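Asks: Provided below are the primary sequence and the corresponding predicted coordinates.
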Amino acid sequence: MLINFKRYFLYIFCFLLALPWTTKTLLFVRETQLEPSYALIYLSSLGFAAIVACLLVIKHKISAITSAIILYFSASLLLYADVMYQRYYNAIIRIELLAQAGQLKDIRSSIISLINWWDFLYWIDVPLAAIAFFLLVKKISPVQWKKQGLAFLTAGLAVILTISLSAFKFTYSDQYKISRGGIIPAHLYDIGWNVYKKAYFKQALLQKKSIEEIRETFKKRQEIQKSSPYFGKFKGKNIIMVQAESLNTFPIGLQVGGEEITPNLNKLISESHYYPNTYLQIGRGNTSDAEFVANNSLYPIGYIGAYKGYPTNEYLSLPEVLNQHGYSTSVTHGNTPEFWNRQTAYKSQGYGEFYYRGHPALKDDEIIGLGISDKSIFHQMAAIYKEENKPFFNFIVSLTSHRPFILDEKYQYLTLPSKLEGTSTGNYLQSIRYFDEALGEFITELKEDNIWDDSIFVIYGDHYGPLPTNQEEIRKLLGINFNQKARFNIPLIIHHPGQTEPVVNKGTGSQMDIYPTLTALLGIDDQLVQLGTTLDANHKRITGFAFETTRYSFFSDDYDYLASHEGVFEKGTCTDNRTRKKTDVQLCREGYDAIYKDIRISTLLLENDYIGRIFDIGTVRAAGKNK
């Protein structure tokens with residue numbers, strides 16, 4: 001009788017342990033705003049609980065409790081890591097990212113800013129589970145229950161593996177996988193799918209027909225450049241390109257309490273080309289992926305970011321092409337060279353010089369947040385330009401306006417209304433105002449040093465600053481609808497040498513279009529690898545997404561398409577931009593097919609390192625040296 005009671009008690013324990021795990025998973029699914037599959041999630045939770053129960057009954061008491069607590073804590077840590085990653089990257093974390101754990105110390109303040117007050121709900125069950133493990137082991141003899149424990153292990157693994165193999169498709173978004181079967185089956189599926197892809201697909205796709213299709217695609221994009229009214233007008237001019245950390249479009253022209261948030265950017269726009277409907281196209285590398293897209297005009301394919309996933313590939317990037325046209329090329333980033341693998345990645349991009357924190361030419365005279373302050377970096381680079389061989393290209397990645405947007409009072413130039421003081425929105429506006437001030441001083445120096453009128457000056461945002469969770473606060477405090485389209489909207493300003501009058505181009509654009517816009521201004525007619533097109537040509541424009549939202553979604557002048565989490569075109573949503581109402585999804589078919597093709601090309605080129613093989617970069621470089 002006693003034995004039967006204990007056996008019954010163990011089963012009850014599994015069913016009860018599955019409840020808090022199910023609750024945590026459902027809480028996560030609620031954050032993704034998807035409808036969960038309650039039965040499958042509870043079933044996978046039950047499988048996990050059975051594995052934990054196995055540990056409790058096949059080992060001696062102390063090791064049993066320790067093993068169970070470690071497993072439950074580790075799984076909880078994985079779930080919470082997914083929660084945090086979802087809040088920032090709109091995805092679940094990948095196992096490959098564990099290799100980057102050492103960089104967490106550099107962004108710990110950013111991570112802390114993602115924590116919400118209700119997050120204790122993701123952890124409250126852990127100590128309660130530890131107590132339950134202790135009480136259970138006291139009641140059951142491990143030796144007596146070893147055989148039953150192995151049965152629990154087999155059943156638990158069978159349930160989780162069955163869900164992993166049957167509940168998902170490779171077209172499903174990360175969030176949809178979680179909503180279907182929970183985090184453990186979702187991660188197991190992703191690991192299995194990645195192993196399968198690497199084993200069966202790599203190096204099997206480069207066929208003559210594919211090569212010709214890819215070459216023809218790039219050739220057609222390049223022909224569009226020649227229709228730009230500015231094609232070749234600024235041949236041989238310097239290029240200074242600034243990637244502004246966390247700069248959204250909504251602060252541009254905004255006034256709060258009678259103060260301009262971006263007075264210097266506003267002034268720059270009044271004498272430059274401005275593209276207000278430009279959108280990010282970042283991947284899991286965030287800032288580094290924005291750099292990659294702007295300099296390569298390709299999608300940043302890779303679940304750990306392009307700089308981490310494909311750092312040593314061969315590229316025909318902007319600096320590489322400019323090297324062939326007699327430019328000295330350099331890149332500036334105020335953190336250490338190892339941060340996000342930039343030292344290796346920049347070399348592959350073709351940069352001749354990398355200025356970083358610790359570089360002999362730079363002083364660490366003012367450190368704010370992640371590295372050397374924007375004011376210091378801009379001032380020091382202006383001095384370096386005076387000694388540069390002409391023409392030159394310098395790409396600067398700003399840092400000071402990085403999340404969590406907390407600045408010392410001496411760097412806060414805005415006098416904000418009390419309702420904004422201490423809020424996430426107010427802190428963000430202070431950070432952008434600091435960047436704007438630093439930029440204004442930089443431009444003044446360039447003018448004083450007679451560099452401004454001999455240079456193409458580019459500035460754009462890398463990614464959104466406020467998070468989706470800040471949407472309601474921004475609406476209440478600023479009256480701005482910070483929806484997904486507004487969140488993805490980043491400013492792009494290009495000042496032509498000698499320009500004094502504004503030109504506003506409201507066509508849909510993206511970070512992918514920056515590189516071709518610049519090569520058109522320079523009149524470069526070489527073989528180029530660019531999926532984007534010049535923003536100055538009059539043609540149908542479309543901006544697609546491989547990450548940050550459901551893959552194959554896009555914005556265009558006529559229609560916006562939001563792909564479904566299931567990856568089925570017909571289940572997506574098509575919106576008419578004239579009426580802002582949903583319309584027949586088939587009207588978005590042409591745009592969807594175009595984005596699908598471009599993402600496939602980027603995937604082929606990056607995953608297989610095909611750029612050098614398809615375009616014979618060695619010959620291209622040799623030809624450049626002979627020019």
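Replies: Yes, it's here.

Asks: how close does the closest residue to residue 169 other than its chain neighbours get to residue 299?
Replies: Spatially, and ignoring its direct neighbours in sequence, residue 169 is nearest to residue 567 (6.9 Å; Cβ to Cβ, 6 or more residues apart in numbering). For glycine as for every other residue, the C-beta is placed from the backbone atoms N, C-alpha and C. Per Cβ to Cβ, to the nearest Å, residue 567 is found 16 Å from residue 299.

Asks: Likewise for residue 329?
Replies: When distance is defined by Cβ to Cβ, residue 329 is 23 Å away from residue 299.

Asks: Okay, now the unreliable bits of this structure?
Replies: The model of the chain has pLDDT under 70 over residues 1-8, 96-108, 139-146, 199-207, 618-627.

Asks: What residues does residue 603 make contact with?
Replies: Contacts of residue 603 were listed using Cβ atoms under 8 Å, 6 or more residues apart in numbering, and they are 299, 301.

Asks: Helix, strand or coil: sort out it for me.
Replies: helix (DSSP: H, G, I helix; E, B strand; the rest coil).

Asks: And residue 197, how far from residue 181?
Replies: 20 Å.

Asks: the more surrounded of these two?
Replies: residue 181 (28 against 12; other Cβ atoms under 10 Å).

Asks: which of residue 329 and residue 299 has more neighbours?
Replies: Applying other Cβ under 10 Å to residue 329 and residue 299 shows that residue 299 carries more neighbours, namely 29 against 23.

Asks: Check the burial of the residue nearest to that one when sequence neighbours are not counted by counting its neighbours.
Replies: Closest residue to residue 299 apart from its sequence neighbours, by Cβ to Cβ, 6+ apart: residue 602 at 3.9 Å. By other Cβ under 10 Å, the residues close to residue 602 number 22.

Asks: Is residue 482 in contact with residue 249, as I believe?
Replies: No. Contact between residue 482 and residue 249 fails when scored by Cβ atoms under 8 Å: they sit 10.8 Å apart.

Asks: Show me the protein divided up by domain.
Replies: Following automatic domain parsing, the chain resolves into domains at 2-200, 221-539.

Asks: Quick one: end-to-end length of the last one, please.
Replies: Between the opening and closing residues of domain 221-539 we find a distance of 11 Å, counting by Cα to Cα, to the nearest Å.

Asks: just to revisit the earlier point, I'd like the distance between the residue nearest to residue 299 and residue 570.
Replies: Per Cβ to Cβ, residue 602 is found 24 Å from residue 570.

Asks: What of residue 80?
Replies: 35 Å.

Asks: Of those two, which one has the most company?
Replies: Neighbour comparison, residue 80 and residue 570: the larger count goes to residue 80, with 17 against 9 (by other Cβ under 10 Å).

Asks: State the distance from that one to residue 124.
Replies: Distance, residue 80 to residue 124, by Cβ to Cβ: 12 Å.

Asks: Next: residue 270.
Replies: For residue 270, the distance to residue 124 (Cβ to Cβ) stands at 54 Å.

Asks: Wait, the residue nearest to residue 169 touches residue 172, no?
Replies: Yes. The pair residue 567 / residue 172 is scored as a contact, 6.1 Å apart, by Cβ under 8 Å.

Asks: And the two? Which one has more around it.
Replies: Counted by other Cβ under 10 Å, residue 567 and residue 172 do not tie: residue 172 has more neighbours, with 20 against 17.

Asks: Tell me the secondary structure at the more buried one.
Replies: Classification of residue 172 using three-state DSSP returns coil.

Asks: Return the residues in contact with it.
Replies: Residue 172 neighbours (Cβ under 8 Å, 6+ apart): 180, 565, 566, 567.

Asks: make it 7 Å
Replies: Taking Cβ atoms under 7 Å, 6 or more residues apart in numbering, we find residue 172 in contact with 565, 566, 567.

Asks: Next one: it from residue 287, what distance?
Replies: Distance from residue 172 to residue 287, by Cβ to Cβ: 27 Å.

Asks: Which stretches in the stretch 251-400 of the chain count as strands?
Replies: Along the stretch 251-400 of the chain, counting by DSSP state E, counting those that start in this stretch, strands occupy 255-256, 259-260, 273-274, 278-279, 328-333, 353-356, 367-368, 371-372, 392-397.

Asks: Strand partners (parallel or antiparallel) of the first one?
Replies: In this case it means strand 255-256. Sheet partners assigned to strand 255-256 using DSSP bridges are listed as strand 259-260 (antiparallel).

Asks: Give me the distance from the partner strand to the chain's centre.
Replies: 30 Å (Cα atoms, centre = their mean, to the nearest Å).

Asks: For residue 211, grab the count of nearby residues.
Replies: 15.
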